[in-house]
Structure formats: C-alpha cells, structure tokens
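In: all I have is the shape, not the residue letters:
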Ligand code: PLP
C-alpha cells in the first residue's frame, strides 16, 4: 500500500527506514528468536538496546556528564506533575511562561503543589508570538523557571538564541514537539523532557534529561513512580519500562545519526520550513498565523480566513494523500506538522497542492 504524507502533530510520521528495520526484526530480533516486544526487560538483549538508546541520545543531544537520562512512561502530561513534585521543594515557588495550552496545563498542575506564577503570556494575541523576557521577569528565589520550547498547537518556538537567561534558577523545558530538530545547548537547562511521539518514536515513552543535582529532593508525598530518584537508581528499569517504544527510539536515534546528527536535521528543517513559510508569505489565499521571528520549524499553522474554505482545503488535501492538515480543535484553520521524518517531497507536494487549490478557488 502506498504511504501518504502524514502532517499529524502527533503521533506523527516516523522515518520509513526505521519502520522497515523494525518490521525486519519483528519476529526475530538479532538472532534471539523473539520480538523485542516479547523480551524480558532484564534480558541481555534488551539491556543492550536500553544502553545504546541512552548513549545515542546523549551523543545526539550533547548531554554533559552531570546529567542523567531517563526513559519513562506517562507521556509529557505526567511530567507536568513530576516536575513540581521533585523540584518545587526549596522555596516552593516556580515561574511559568504561558505560550499555549501545554504550558498552561503544566502551570495549572504545578499550582496543585506550590506557588506557581505565570510571569508572562502571549494569550492576548492567541499565542502567536513568544513574550519578551528579561531578568526582571522571574523571581530570583524560584525553584525553577518553566517554558514550553515549541508550542505544537500555535506553532511558536523559543529559538536556541532566545532562551531566557535565568542565572542560578534552573530552566525547565518541554521539548516534546521539537526534540532532535535543532541544536540546543543542554547545559543551559536543569531538565528537558520530550514525549517520544513526534520526533523520536511511538507514544508511551518520555525521555527526561535531568541535571544530577536536581535529583533527590522530592516532596515526601511523591509517589515512588513519580520520583526521579527511583528511576535514576534503577537506570529506567524500576518497573517494566516501555521496552518496545525505547527500541524504536533507539532506531530513530540511529537514523538521526546517519543523517548527520541534530545539526544536519536543523539545516534540513530550516530549509523545509522556510520553503513553506515563504510560500505562505507570498500567497494571496493562505496566511501563516505566527510572527516571523518566533515561527516553529516543526508546526506551521495557517488559515485562509474563511472557515468553509479551510474545511474544503483539508478535505481535498486528504483525498490527494496529504493527511492530518486540520488545525488543533481549539484554534481551527490548518496546521502542517513537518517533523524530522517529513521529506522535502512532502512539503513540495503540500505547496503544489496549495497552489492548485488557490487557482481553483479564486
Ligand atoms: N507538551 C507538548 C509540547 C505537546 O505537544 C504535548 C502533546 O501533544 C504534550 C506536552 C502532552 O504530551 P502527552 O500527550 O504525551 O501527555
């Protein structure tokens, strides 16, 4: 069966090479006579997969030695609770930048455990920009400062050269929708988490990079499974980890490495997204919704300004093999998610389809 161009925001397209490799190894992984799905998480074969995944992720992200890497369950949303339970424990204060639904959810969850404060927001313009932040923006005695680096729904991002300078206050980042897409300096962060289901693998795995000095201070009431210390001590094997998902992440890391690493992905993603933004900036019918300097490389929202025309576009695009272009249910319009696995041919096909649609619907 022919594959479509899948513009879903997540779960999203994976590299074909990864899926082919997983298919080839499905029944008999590396001569073990079984699938990774059927393997004990304590077996030698799986221990090697986990160690390789960790080493590759460390290498690709340039993770310094004073950080731990964990592969956990519960998705990005469980991190919204785990972070305050583990880190909001000295002064009990944490500051948040509200750049969309995901940052807001993290903020609301943290408010259950301490003094969470929204110090900046772009809600006034439907989250179409990243608020300007300076040293006066946050509390110097906060336990951490939280940002969602790439805003999946609204298509904005904190560029690597536009991260808040938080001094001694650890910067905590949700990179679920732009992990491995662009080079960020890990040493600037206290913790980075990413749900796998966009750029890294299937849903069910969340990768956490945490500075070692931030581990071990959880609130007494923290459930064992939500304490980072538990998972650091057991090297992500306290209980049965999401074994098959971790294996697919490992294959994706191999793939990213073969493409030339994160720097090469960044160059490719910049080229891909620039092509689409350039088309939008010059189109009479379609318009991007985000200010140019804060545009995401991964999620590109756009509108025609006419809801009926938007719906017609999404329907006809689907019939043409361009899937999942409908915008998030809270914002409408369209959104093209062009993660690492989206080839240039997919973006070209989308642009050509938009040109055709524009001519036919003048
Ligand atoms: N953070 C961001 C930026 C997301 O895009 C998402 C989901 O799309 C989440 C968090 C929530 O992740 P999960 O569904 O794994 O809980």
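Out: Here it is on my side, so go on. Fair warning: this is a prediction, and the values are worked out from it, not measured in the lab.

In: so residue 148 sits against residue 100, correct?
Out: Yes - counting by C-beta atoms under 8 Å, residue 148 does reach residue 100; the two are 6.5 Å apart. Heads up, the C-betas are built off the backbone N, CA and C, glycines and all.

In: burial count for residue 41?
Out: 16 (other C-beta atoms under 10 Å).

In: in terms of neighbours, single out the busier of residue 148 and residue 100.
Out: When neighbours are counted by other C-beta under 10 Å, residue 148 and residue 100 differ, and residue 148 comes out ahead with 31 against 25.

In: around the ligand, pick out the residues from the protein.
Out: 10, 75, 76, 77, 102, 148, 152, 174, 176, 177, 195 (C-beta under 6 Å from any ligand atom).

In: compare those residues and tell me which is most surrounded.
Out: Most surrounded of the residues of the chain next to the ligand: other C-beta under 10 Å gives residue 148, at 31 neighbours.

In: point out where the protein drops to low pLDDT.
Out: Residues of the chain meeting the criterion pLDDT under 70: 1.

In: could you chop it up by domain?
Out: 16-258, 261-360 (automatic domain parsing).

In: okay, helices next: where are they in this protein?
Out: 16-24, 44-61, 75-87, 101-110, 228-233, 243-259, 261-282, 307-319, 344-360 (DSSP state H).

In: thought residue 266 was touching residue 178?
Out: No - applying C-beta under 8 Å as the test, residue 266 and residue 178 come out as separate, 10.1 Å apart.

In: what's the end-to-end length of stretch 67-84?
Out: Distance between the boundary residues of stretch 67-84 (C-alpha to C-alpha, to the nearest Å) amounts to 18 Å.

In: same deal with stretch 333-348?
Out: First-to-last distance for stretch 333-348 - C-alpha to C-alpha - comes to 20 Å.

In: next one: that stretch to chain centre, how far?
Out: 15 Å (C-alpha atoms, centre = their mean, to the nearest Å).

In: same deal with stretch 279-289?
Out: 25 Å.

In: could we number from 12 for the rest of this?
Out: Let's use 12 as the start, then, which means that last one is stretch 290-300.

In: list the buried ones in that stretch?
Out: For stretch 290-300, the neighbour count (16 or more other C-beta atoms under 10 Å) marks 290, 291, 294, 296, 297, 299, 300 as buried.

In: of the residues of the chain next to the ligand, closest to residue 271?
Out: Ranked by distance to residue 271 (C-beta to C-beta), these are led by residue 188 at 21.5 Å.

In: that closest one contacts residue 211, doesn't it?
Out: No - assessed by C-beta under 8 Å, residue 188 is found out of contact with residue 211, at 10.4 Å.

In: buried sites along stretch 45-62?
Out: 47, 50, 52, 57, 60, 61.

In: reformat these as TSV; add distance to residue 151.
Out: Shown next, in TSV, are the buried residues of stretch 45-62 (distance: C-beta to C-beta, whole Å):
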residue	distance to residue 151
47	47
50	49
52	43
57	45
60	43
61	39
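
In: now the residues of the chain next to the ligand as TSV including distance to residue 100?
Out: Shown next, in TSV, are these (distance: C-beta to C-beta, whole Å):
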residue	distance to residue 100
21	31
86	23
87	21
88	21
113	23
159	22
163	29
185	20
187	24
188	28
206	24
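
In: how long is stretch 302-312 from one end to the other?
Out: 11 Å.

In: can you list the buried residues in that stretch?
Out: Buried, per 16+ other C-beta under 10 Å, within stretch 302-312: 305, 306, 307, 308, 309, 310, 311, 312.

In: for the first one, give me its contacts.
Out: By C-beta atoms under 8 Å, 6 or more residues apart in numbering, the contact list for residue 305 reads 139, 140, 141, 167, 168, 170.

In: tell me which of those fall in strands.
Out: If you go by DSSP state E, those have 167, 168 in strands.

In: which of the contacts of residue 305 are buried?
Out: 139, 140, 141, 167, 168.

In: ok, so of these, who is nearest residue 77?
Out: residue 168 (26.2 Å).

In: hmm, residue 159 and that closest one touching each other?
Out: No - counting by C-beta under 8 Å, residue 168 does not reach residue 159; the two are 9.2 Å apart.

In: name the nearest residue to residue 280, sequence neighbours excluded.
Out: Spatial nearest neighbour of residue 280, excluding adjacent residues (C-beta to C-beta, 6 or more residues apart in numbering): residue 308 at 4.4 Å.

In: and the closest residue to residue 126 other than its chain neighbours, what is it in contact with?
Out: Leaving out its chain neighbours, the residue that sits closest to residue 126 by C-beta to C-beta, 6+ apart is residue 104, at 4.6 Å. By C-beta under 8 Å, 6+ apart, the residues touching residue 104 are 125, 126, 127, 128, 150, 152, 153, 154.

In: fine by me, thanks again.
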